[in-house]
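Novice: Any chance you could fold what I've pasted below:
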Amino acid sequence: MMDYKFQYSAAISLKWIKDNMMGLVFPDITKQGDRIQKNFKGVIVSKNNVPVGMILGLSDMNLKDFRIMSFRVKPDHSNNKLGFRLLIALEENLKKEGFERLELQFRSHWKSLFVLEKLLKKTKWKQPEFNMKICQSLVEQAFPVFHRGHQLPNDYTFTSWKLVSDQEKKDIKKQHDQNRWYPEEVSPFILVDIIEPEVSLALRYKGQIVGWLIIHQISTETLEYTSLFIDEAHRSFKMGHLLMGEGILSQSNQNKFPKFLFTVKATNRLMLKFIDRNGPSNGMVVTDIFKAEKKLLP
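Specialist: Got it, this is the predicted structure:
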């Protein structure tokens, strides 16, 4: 077997990856840009000082969970068990640093899906489970899906997020600190530098903020509908539907970003059924995302 060199690093910058390793990135993590605020950890395998494979990921804040973000071996080296050896090398180094769990998400349409699933089984990962759908579309294709003539109930109004005052934002944070008002993944204060304030929305009931739709720019053409939250007392599928529709209308009126995407979690069964019934028939591209995990035993 060829003499390969495996090197682990706990501080791999996104800039260095862009400048030196784009041929070994899959999927393309560089598209996330400003969303990645810290260095990667990972293993690079080389032959004669030329990198031929790489696995990268990010840790959680408590340095206990680790999510693999990119994993690729050059095709002409794939018969040397490098994928297996990269994954094992990463696991061993992370265990030394005290990590307890690995996570990996992958898409149903990847050409490497069969090879990846076989590798995860061989390295004793849990059986992958369906985690979410990613829905992508042109804005005009979304109108038939989310605009069905529904009217916003009395006493409810939409407000551009740019009009939400600093005091109101402080009140949202205070309420959340007191009773964990919303799940952290739908916080309106994530990646504030790339929020599109003119398209993002607040939902008000009698003037009081009871929900929001926070939208981020992820490319020159595309907006991601990242955080949709409605207070439980005001929650219904119809209200979420209206909030999505208003966001799409705002994006269309801005006439700046022709595309949008959003995700639907496996737990949101009602929305999953709605997308399955209405999305593809209106030109929406829907992709299934699966998640696998493995506990790192001492």
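Novice: From here on, just use CA atoms for contacts and neighbour counts.
Specialist: OK.
Novice: how about low-confidence regions in the stretch 51-200 of the chain?
Specialist: Within the stretch 51-200 of the chain, the set of residues satisfying pLDDT under 70 comprises 147-150.
Novice: For it, which segments count as strands?
Specialist: Per DSSP state E, counting those that start in this stretch, the stretch 51-200 of the chain carries strands over the ranges 65-73, 101-107, 129-138, 156-160.
Novice: Would you tell me which one of those strands is buried the most?
Specialist: strand 65-73 (a mean of 21; mean count of other CA atoms under 10 Å).
Novice: and it, which strands flank it?
Specialist: strand 50-59 (antiparallel), strand 101-107 (parallel) (DSSP bridges).
Novice: hmm, who's touching that strand?
Specialist: Residues outside strand 65-73 that contact it (CA atoms under 8 Å, 6 or more residues apart in numbering) are 24-29, 52-60, 82-83, 99-105.
Novice: Could you pull up the residues touching residue 231?
Specialist: Residue 231 sits next to 181, 182, 210, 211 when contact means CA under 8 Å, 6+ apart.
Novice: Tell me, what's the model's pLDDT at it?
Specialist: The model reports residue 231 with a pLDDT of 94.
Novice: circling back to that earlier point, include distance to residue 281 when you put the strands paired with strand 65-73 into a markdown table, please.
Specialist: Formatted as a markdown table, the strands paired with strand 65-73 follow (distance: least, CA to CA, whole Å):
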| stretch | distance to residue 281 |
| --- | --- |
| strand 50-59 | 36 |
| strand 101-107 | 21 |
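Novice: Which one of those lies nearest to residue 288?
Specialist: strand 101-107 (5.9 Å; CA to CA).
Novice: Strand 129-138 and that closest one, what's the angle between them?
Specialist: Strand 101-107 runs at 40 degrees relative to strand 129-138, counting by axes from the mean of the first three to the mean of the last three CA atoms, to 10 degrees.
Novice: Contacts for strand 101-107, please.
Specialist: Residues from elsewhere that reach strand 101-107 (CA under 8 Å, 6+ apart): 64-69, 113, 287-296.
Novice: quick one: which of those residues sit in helices?
Specialist: Within these, residues falling in helices by DSSP state H are residue 113.
Novice: ok, now which ones touch the residue nearest to the spatial centre of the chain?
Specialist: With distances taken as CA atoms, centre = their mean, the chain has residue 263 as the residue nearest its mean C-alpha position (7.9 Å). Contact analysis of residue 263 by CA under 8 Å, 6+ apart lists 132, 133, 134, 135, 225, 226.
Novice: Now render the residues you listed as CSV, adding distance to residue 154.
Specialist: Below are these laid out as CSV (distance: CA to CA, whole Å):
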residue, distance to residue 154
132, 33
133, 33
134, 32
135, 31
225, 25
226, 27
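Novice: So which of these is the closest to residue 151?
Specialist: Distance to residue 151 across these (CA to CA) is lowest for residue 225, with 21.2 Å.
Novice: Is the closest residue in space to the closest one that isn't next to it in sequence in a helix, a strand, or coil?
Specialist: Sequence neighbours aside, residue 215 is the residue nearest to residue 225 in space, at 4.5 Å (criterion: CA to CA, 6 or more residues apart in numbering). Counting by DSSP: H, G, I helix; E, B strand; the rest coil, the backbone at residue 215 sits in strand.
Novice: okay, now residue 215: neighbour count?
Specialist: Neighbours of residue 215 under the rule other CA atoms under 10 Å: 28.
Novice: so it makes contact with residue 227?
Specialist: Yes. Contact criterion CA atoms under 8 Å: residue 215 and residue 227 qualify, at 7.0 Å.
Novice: longest single helix anywhere in this structure?
Specialist: Using DSSP H, we find that the single longest helix of the chain is helix 237-254.
Novice: Quick one: residues in contact with that one.
Specialist: Outside helix 237-254, the residues that touch it by CA under 8 Å, 6+ apart are 139-140, 142-143, 146-147, 150-152, 198-201, 203, 212-213, 228, 230, 257-258, 270-271.
Novice: Could you pull up the mean pLDDT of it?
Specialist: Here the average pLDDT along helix 237-254 is 88.
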